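Trainee: A predicted structure for the sequence below; I have some questions about it.
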Amino acid sequence: MTDKQKSRLALWLSGIYFAVGFVSWLLPLFAKPGESLSGIFVVMLTQPWATLLTIVTERLQLDSFVLNMTVMLIGVLVNSWIIYKIVSLVSCRGK
């Protein structure tokens with residue numbers, strides 16, 4: 001594999017993760033008001049940031065849908081960046 005192909009692999013994997021994470025982030029925005037589990041997918045995909053958000057919001061006594069959704073989107077971005085970096089590192093070590 002050339003360096004260009006390795007970076008493409010990292011880009012594809014992180015892009016797929018971001019697409020899945022973004023779609024799961026959109027689900028609660030379009031869910032019916034009674035659907036309480038509509039955000040479970042984004043919470044699972046944004047670990048450990050979702051857990052940290054719970055700790056911070058409990059300590060600061062903040063409970064805002066907008067704040068939660070913003071942190072979840074940031075979590076998706078950070079996790080996709082981490083996936084990109086890890087795949088890039090692992091594929092470069094295979095030389």
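Mentor: Structure received.

Trainee: roughly how far is stretch 86-95 from the heart of the chain?
Mentor: With CA atoms, centre = their mean, to the nearest Å as the basis, stretch 86-95 stands 22 Å off its chain's centre.

Trainee: so how far is V90 from the residue most central in space within the chain?
Mentor: Centroid-nearest residue in the chain: V76, 1.9 Å away (criterion: CA atoms, centre = their mean). Counting by CB to CB, to the nearest Å, the gap from V76 to V90 is 21 Å. The C-beta positions use only the backbone N, C-alpha and C, and glycine is treated the same way.

Trainee: next, give phi and psi for the closest residue to V71 other than its chain neighbours.
Mentor: Excluding the flanking residues, the one nearest V71 by CB to CB, 6 or more residues apart in numbering is L53, at 4.8 Å. Torsion angles at L53 (phi, psi; degrees, to the nearest 10) stand at phi -60, psi -40.
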